[in-house]
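give the three-dimensional model of this entry:
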Amino acid sequence: MPENDQRSISFWAGTVLVGLALLAPFGVNEYYQSFLLQVFLVIALAQAWNLISGMTGYVSFGHAAFFGVGAYTGALFLTWGYPWWIAIFNGAGIAALIAVPLGFLTLRLRGPYFAIAMLGLNEVGRIVATLWVSVTKGGTGLPLPPSLLPSLDITYFMMLSLALGATLLIAWVHRSRFGLELRAIREDEEAAEMVGVNTTRNKVTAFVLSALIPGAVGAVYAMYTSYINPASAFDPARNIEMIVVVLFGGSGTVWGPIIGAATVMFLREMLWAQFPAAHLAALGVLLLIVVLYLPGGLVSIVRERHRERPDARPGESP
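Predicted coordinates for the structure are as follows:
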């Protein structure tokens, strides 16, 4: 399939999905609307993780820290009387500002050392939120005033916008010179430096962008739940969720996190309804099977079928 045809199919498929998502609140009840909102949340977080880990090759186990920073920043600005859109803007901005010095420090590490450093960052965030009682209310948590919270419909469209924005960002990066340089870093960082790639600048830029998205998502999540505490803001399980979704769908691709998030969330909901006591174990087995037998994720199925087409050109991939 020619590249122009692939882009056309992706464009129209994305347009149809966005159209359905925009119309969903007018045709479904609050339960399904909340479920879709959570799917968008996972898509946005997965795309953020995909940028630094899938495309750049620096596997992070601590991106939930930026989610937590955004959640607390958004919640605090709301309690201080600021409108919700300023709270979201500041949640994203503070997370990105924190990521700048952290990027310069942690991206000097490679492999498991970077992953461990990021895992420690998430734990530091949880401890700070617990001990900074005068601001965060500690383990008691921070309730948000209902009068300042946006409606479920507004929150839904905000989360949809973040998922769409994160996906468009990844699509742009994937086709840009910046994305090419990130993939060069992922394959061989020393070789990339030898051919003139500014690896430090590119890595830090990708890191900051991948922190900005969870910051905004965290602020919207705080409004959605109307309450935030250290356990929910800096939940280590959220890190695992990002990684699993990207690996399930296809790491380093544009569609992988979308397919992975939709599939994992649907399976989790379906298994929870059928096996409430063992749904997490059942989901874990399914994910293990996919990771073992489809290391390229669900996207790899499409790629393999494309390669088997008699009219496929060498080197083409969807």
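
show me where the stretch 151-300 of the chain has strands.
Secondary structure of the stretch 151-300 of the chain, counting by DSSP state E, counting those that start in this stretch: strands at 227-228.

buried ones in the host helix or strand of G70, by neighbour count?
Assigned by DSSP states H and E, G70 belongs to helix 64-79. Neighbour counts over helix 64-79 (16 or more other C-beta atoms under 10 Å) mark 64-78 as buried. Where C-beta positions appear, they are placed from N, C-alpha and C, glycine not excepted.

out of these, which is nearest to L209?
Distance to L209, by C-beta to C-beta, is smallest for F66 among the buried residues of helix 64-79, at 10.9 Å.

verify the stated contact: the closest one with L209.
No: counting by C-beta atoms under 8 Å, F66 stays clear of L209, with 10.9 Å between them.

find the residues that touch each one of the two.
Residues touching both F66 and L209 (C-beta atoms under 8 Å, 6 or more residues apart in numbering): A48.

phi, psi for P143 please.
Here is the backbone geometry of P143 (degrees, to the nearest 10): phi -80, psi 150.

show me what contacts it?
Taking C-beta under 8 Å, 6+ apart as the contact definition, P143 lies against 226-227.

is it in a bridge, and if so with what?
Beta bridges link P143 to Y227 when assigned by DSSP bridges.

in contact with G91, which residues?
69-71, 73-74, 77, 215-216, 218-219.

now pLDDT and distance to V124 too, for the residues you listed, in a markdown table please.
Formatted as a markdown table, the contacts of G91 follow (pLDDT from 0 to 100; distance: C-beta to C-beta, whole Å):
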| residue | pLDDT | distance to V124 |
| --- | --- | --- |
| V69 | 96 | 11 |
| G70 | 96 | 16 |
| A71 | 96 | 16 |
| T73 | 96 | 16 |
| G74 | 95 | 20 |
| F77 | 94 | 22 |
| G215 | 96 | 16 |
| A216 | 97 | 21 |
| G218 | 96 | 16 |
| A219 | 96 | 20 |
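
contacts only, for the residue most central in space within the chain.
Closest to where the C-alpha atoms of the chain average out (C-alpha atoms, centre = their mean) is L45, at 1.4 Å. Contact analysis of L45 by C-beta under 8 Å, 6+ apart lists 63, 67, 213-214, 217, 238, 241-242, 245.

now with 10 Å, please.
Residues near L45 by C-beta atoms under 10 Å, 6 or more residues apart in numbering: 63-64, 66-67, 162-163, 166, 210, 213-214, 217-218, 221, 238-239, 241-242, 245-246, 257, 261.

quick check: the closest residue in space to it that isn't next to it in sequence vs L51, distance?
Leaving aside its sequence neighbours, L45 sits nearest to M242 (C-beta to C-beta, 6 or more residues apart in numbering; 5.1 Å). The spacing between M242 and L51, counted by C-beta to C-beta, to the nearest Å, is 11 Å.

now do the shared contacts for those two.
Residues within reach of M242 and of L51 at once, by C-beta under 10 Å, 6+ apart, are P257.

quick one: the helices in the stretch 101-250 of the chain?
Ranges of helices within the stretch 101-250 of the chain are 112-131, 133-136, 152-175, 177-187, 189-194, 199-225, 230-233, 236-249, based on DSSP state H, counting those that start in this stretch.

nothing else from me, thank you.
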